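A.B. asks: Structure for the following, please:
(2 chains)
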Protein chains: 2
Amino acid sequence: MSLPFAQRLSNVETSAIRELFKLLGKPGIISFAGGFPDSALFDVPGLRQAVDQALDQEPGAALQYGATEGHGPLRTELARFMQSKGVDCAPEGLIVTTGSQQALDLLAKVMIDPGDKVIVEGPTFLATIQCFRLYGANVISAPIDGEGVQVDRLEQLITEHRPKMVYLIPSFGNPSGAMLGLERRKKVLELAVRHQVLVVEDDPYGDLYFGDAPPPSLLALSSQVPGSRDWLAYCGSLSKVLSPGLRVGWLAAPAELLARATMCKQFSDAHTSTFAQATAARYLQAGRMPETLAQVRRVYAERAQAMGAALRRELGDAVSFTQPQGGLFFWARLTGAGGKTRDAGAFARRAIDEGVAFVPGAPFFAQNPDTSAFRLSFATADVGKIEEGVQRLARALG
Amino acid sequence: MSLPFAQRLSNVETSAIRELFKLLGKPGIISFAGGFPDSALFDVPGLRQAVDQALDQEPGAALQYGATEGHGPLRTELARFMQSKGVDCAPEGLIVTTGSQQALDLLAKVMIDPGDKVIVEGPTFLATIQCFRLYGANVISAPIDGEGVQVDRLEQLITEHRPKMVYLIPSFGNPSGAMLGLERRKKVLELAVRHQVLVVEDDPYGDLYFGDAPPPSLLALSSQVPGSRDWLAYCGSLSKVLSPGLRVGWLAAPAELLARATMCKQFSDAHTSTFAQATAARYLQAGRMPETLAQVRRVYAERAQAMGAALRRELGDAVSFTQPQGGLFFWARLTGAGGKTRDAGAFARRAIDEGVAFVPGAPFFAQNPDTSAFRLSFATADVGKIEEGVQRLARALG
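C.D. replies: Next comes the predicted model:
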């Protein structure tokens, strides 16, 4: 007899992407499939200094149980980091989470009853869709273009579905790489107030810009749209700019929501590793972040440039894409030009045979998948590997 | 207008204990209230060496995203640690969790539909009750005595309620300090098979024994009770013996359950901090655990001895208790002898006025609270403070 598992598990299936990842062990493969930063860019000396200081100066705090809300000095540093980007945020206005994935889980736990609707971008971060579905959410897709979510269409969907939440990655979305324009950002905040709907801003990539900084975050802009702060939750992360292994993210939200998320967190994991939190706090205190960010931006900008040029050179009009201005991803579509395939799944399988991996786009859609779309990460391969990998893509496309 | 929070939040209330903890900042107070180990016993040099090695030898693995199931070398070490205690467990038979609290959360997420029943000990760990209730569980209490849960009564309750799970802390329970006897352990496993009900063994304290080791864990004993391993989940933790701040726990369970818990974990926090996991793995590899455990056992044994003697000397027949043979806690009852109060809540408030804090027992009961019971932790005060604190208890009792 099998164990009597909960109904909620029937809302999610094992992802097609996970199956694909099993193929990545093949020797010599060039991977554009990952969603992670380049380990070679981690500031190991800076983190070593930070953990040394934490264990020297506050071993008790770094190794003992801590407050569910987060390690005080880290909350102070994260509030400062947000302030440096135009956000009016006190340390008490955020809680530390075990990566921003946990912030999403807590938001779902606090907000979603089975059958509730949530609007996300189509496409969006796959683990968000699955996370929300595990709480019984009915996930609705709002269409995007090169400037991010189409706000007129978003408003229609809000009116039609009365969702509990609207989840957006405004800056360099995963997988879209798109950047929501300033005017659209303000309109989203106005929608939140007008329709009294919680907007969740997920912002792991906003610091990874290549030229000019993106427009201010929704959270920063909320000071310009009266009442919007009451309908806005912000998820931040150190994973893409410092280290995913620390699992340090944060959630800024209205006080009544933050209190409930804290209660749920207490019974989810008590608190985020104080060992990691104290290390992150010391790192931020040491003032190394600006230099780290500058280095990461420079390297990713170069790789994005190389990938864009290679795609145009090797694949020509068989693919279309918007050159990303930040983040980790190209989002491209097979056009079918020259009679080549428009099936990104088939393309992905042939690419593996040619020794290059990427992720087809369909699983990133909660509804109406675009089977011609695919995602390429330029973060972890160097320029030489990127050029070789794109040549393999061209061979796979035939 | 308020945010439309999920219904599940109405199943839990802010705990009375949290309110009490706010009073602990009072200067000069001696606290027997905490549920945490003594920071002074943390092996800081050993952990520093471990993190140094991890950052030297595998900085990528220690700082990058990792497998949801856990860091491979840590799973190997944890399996070895369990094997050393008589458990037949391969590294693939467990996943690493963000403290054992997360193992409980994942078990609830995988198993509990709203309205499902779960049987726990009365009293039991408060955060388990709340965690399960957040998933809509109807939590039923099974009575305990000095030898742990009363298995005959447990079987009646299983028959009556057909629960999804039975949750037990067999060794030195929180708050009871009780140790489930060997015969009862075997009977619990037989009940699991006979009634096809999942038994969850939470074992954060089993290594903290003062004299002889406790009987083997349910997981170790499952090899003697055919079929029982299929109905058994085990939650382990490094928090009480090494450091809570690492947030490293683990879940061993049948493969079909473990796979589903892993999927839920992926969308809860992606994975446990690899920074903490790599550090814990190096620590265990270095072979320092036996010495650390010996030291912790010696100190806690001395403190438990001192507290028992002081309670008998200072409070006499006004309290009754079983001297704990391990763990962190005394569980005591006000007898009312000599006309003294039997209200542990009132006693706790008067104790604060006298400069000593502890936790009244009622909140630890999912049903039928015993208002004369209270919990004293002997873990964090030294012998002098314990003796002074118990004298203050005597003054508070009048």
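
A.B. asks: I'd guessed A:Val149 sits against A:Pro123; true?
C.D. replies: No. Using Cβ atoms under 8 Å, A:Val149 is not in contact with A:Pro123; the gap is 11.1 Å. No exception for glycine: its C-beta is placed from N, CA and C like everyone else's.

A.B. asks: mind listing what's buried in the strand ranked longest in chain A?
C.D. replies: The residue-count maximum for a strand in chain A (DSSP state E) belongs to strand A:138-145. Neighbour-count burial for strand A:138-145, counted by 16 or more other Cβ atoms under 10 Å in any protein chain shown, picks out A:138-142, A:144.

A.B. asks: same deal with stretch A:380-398?
C.D. replies: A:380-381, A:383, A:385-394, A:396-397.

A.B. asks: Between these, which sits nearest chain B?
C.D. replies: Ranked by distance to chain B (Cβ to the nearest Cβ), the buried residues of stretch A:380-398 are led by A:Thr380 at 9.9 Å.

A.B. asks: Can you tell me the closest non-neighbouring residue to the closest one?
C.D. replies: A:Asp38 (4.8 Å; Cβ to Cβ, 6 or more residues apart in numbering or on different chains).

A.B. asks: now A:Ala192
C.D. replies: A:Trp231 (3.9 Å).

A.B. asks: wait, what's in contact with A:Ser2?
C.D. replies: Residues in contact with A:Ser2 (Cβ atoms under 8 Å, 6 or more residues apart in numbering or on different chains) are B:Glu256.

A.B. asks: so what pLDDT did it get?
C.D. replies: Listed pLDDT for A:Ser2 reads 83.

A.B. asks: Next: the one 5 residues further on.
C.D. replies: pLDDT, the model's per-residue confidence, is 94 for A:Gln7.

A.B. asks: Just read off the phi/psi values of the closest residue to it other than its chain neighbours.
C.D. replies: Spatially, and ignoring its direct neighbours in sequence, A:Gln7 is nearest to B:Asp113 (5.2 Å; Cβ to Cβ, 6+ apart). Backbone torsions of B:Asp113, given as degrees, to the nearest 10, read phi -100, psi 150.

A.B. asks: okay, now B:Asp113: neighbour count?
C.D. replies: Neighbours of B:Asp113 under the rule other Cβ atoms under 10 Å in any protein chain shown: 15.

A.B. asks: okay but A:Glu155 is in contact with A:Val188, surely?
C.D. replies: No. The criterion here is Cβ under 8 Å, and A:Glu155 misses it with A:Val188 at 9.4 Å.

A.B. asks: between the two, who's got more neighbours?
C.D. replies: A:Val188 (25 against 17).

A.B. asks: I figured the more buried one was touching A:Asp152, is that so?
C.D. replies: No. Taking Cβ under 8 Å as the definition, A:Val188 is not a contact partner of A:Asp152, at 11.4 Å.

A.B. asks: What is the neighbour count of A:Gln224?
C.D. replies: Using other Cβ under 10 Å, A:Gln224 has 11 neighbouring residues.

A.B. asks: before we move on, what about A:Pro123?
C.D. replies: Residues lying near A:Pro123 (other Cβ under 10 Å) number 26.

A.B. asks: And for A:Glu183?
C.D. replies: Close neighbours of A:Glu183, defined as other Cβ under 10 Å, add up to 11.

A.B. asks: Kindly indicate whether it is helix, strand or coil.
C.D. replies: The local conformation at A:Glu183, judged by DSSP: H, G, I helix; E, B strand; the rest coil, is helix.

A.B. asks: mind checking how far it is from B:Ala213?
C.D. replies: As judged by Cβ to Cβ, to the nearest Å, A:Glu183 and B:Ala213 stand 68 Å apart.

A.B. asks: got it, and A:Lys340?
C.D. replies: In terms of Cβ to Cβ, A:Lys340 sits 68 Å off from B:Ala213.

A.B. asks: And these two? Which one has more around it.
C.D. replies: Remark: of A:Lys340 and B:Ala213, A:Lys340 carries more neighbours, 16 against 13, as counted by other Cβ under 10 Å.

A.B. asks: Would you mind listing what in the stretch 201-350 of chain A touches chain B?
C.D. replies: Residues of the stretch 201-350 of chain A lying close to chain B (Cβ under 8 Å from any Cβ of the partner chain) are A:239, A:243-247, A:254, A:256-257, A:260, A:263-264, A:266-276, A:278-279.

A.B. asks: Need the buried ones from these selected in PyMOL.
C.D. replies: To isolate the buried ones among those in PyMOL, judged by 16+ other Cβ under 10 Å, type:
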select buried, chain A and resi 239+243+244+245+246+247+254+257+260+263+264+266+267+268+269+270+271+272+273+274+275+276+278+279
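
A.B. asks: end-to-end on stretch A:244-254?
C.D. replies: 26 Å (Cα to Cα, to the nearest Å).

A.B. asks: One more: stretch A:247-266?
C.D. replies: Its start and end residues considered, stretch A:247-266 measures 17 Å (Cα to Cα).

A.B. asks: chain center to that stretch, what's the gap?
C.D. replies: Distance of stretch A:247-266 from the chain centroid (Cα atoms, centre = their mean, to the nearest Å) equals 18 Å.

A.B. asks: Please give me every residue in contact with A:Leu180.
C.D. replies: Counting by Cβ under 8 Å, 6+ apart, A:Leu180 makes contact with A:147-149, A:168, A:170-171, A:188, A:215.

A.B. asks: Quick check: it vs B:Lys340, distance?
C.D. replies: From A:Leu180 over to B:Lys340 the distance is 67 Å, taken as Cβ to Cβ.

A.B. asks: just the strands in the stretch 251-398 of chain A please.
C.D. replies: Applying DSSP state E, counting those that start in this stretch to the stretch 251-398 of chain A gives strands spanning A:319-321, A:329-334, A:356-357, A:359-360, A:373-377.

A.B. asks: who touches the longest one?
C.D. replies: Okay, so that is strand A:329-334. Applying Cβ under 8 Å, 6+ apart, the set of residues contacting strand A:329-334 from outside is A:35, A:123, A:172, A:174-178, A:304, A:307-308, A:311, A:318-322, A:324, A:340-344, A:347, A:361, A:370, A:372-378, A:397.

A.B. asks: Swap in 6 Å and give it another go.
C.D. replies: For strand A:329-334, the external contacting residues (Cβ atoms under 6 Å, 6 or more residues apart in numbering or on different chains) are A:175-177, A:319-321, A:342, A:344, A:372-377.

A.B. asks: Just the buried subset of those residues, written out for ChimeraX, thanks.
C.D. replies: Filtering the contacts of strand A:329-334 down to the buried ones (16+ other Cβ under 10 Å) takes a single ChimeraX command:
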select /A:175,176,177,319,321,342,344,372,373,374,375,376,377
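
A.B. asks: In a markdown table, list the contacts of strand A:329-334 along with distance to B:Phe81.
C.D. replies: Listed next are the contacts of strand A:329-334 as a markdown table, based on distance: Cβ to Cβ, whole Å:
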| residue | distance to B:Phe81 |
| --- | --- |
| A:Pro175 | 40 |
| A:Ser176 | 45 |
| A:Gly177 | 44 |
| A:Val319 | 51 |
| A:Ser320 | 54 |
| A:Phe321 | 50 |
| A:Arg342 | 53 |
| A:Ala344 | 45 |
| A:Ser372 | 50 |
| A:Ala373 | 46 |
| A:Phe374 | 44 |
| A:Arg375 | 40 |
| A:Leu376 | 42 |
| A:Ser377 | 37 |
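
A.B. asks: What helices and strands are in contact with the longest helix seen in chain A?
C.D. replies: Secondary structure of chain A per DSSP state H: the longest helix is helix A:289-315. Other helices and strands packing on helix A:289-315, by 3 or more Cβ pairs under 6 Å, 6 or more residues apart in numbering or on different chains; DSSP states H and E, are helix A:383-397.

A.B. asks: CA-only coordinates of the helix it packs on in CSV, if you can.
C.D. replies: Presented in CSV, the C-alpha positions along helix A:383-397 are these (Å, rounded to 0.1, in the frame of the first residue of the first chain):
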residue,chain,number,x,y,z
VAL,A,383,33.5,34.1,-24.7
GLY,A,384,35.4,31.3,-26.5
LYS,A,385,32.9,28.7,-25.2
ILE,A,386,30.0,30.9,-26.1
GLU,A,387,31.2,31.2,-29.7
GLU,A,388,31.8,27.5,-30.0
GLY,A,389,28.5,26.7,-28.4
VAL,A,390,26.6,28.9,-30.8
GLN,A,391,28.3,27.3,-33.7
ARG,A,392,27.1,24.0,-32.3
LEU,A,393,23.6,25.5,-32.1
ALA,A,394,23.8,26.4,-35.8
ARG,A,395,24.8,22.8,-36.6
ALA,A,396,21.9,21.5,-34.5
LEU,A,397,19.5,23.8,-36.4
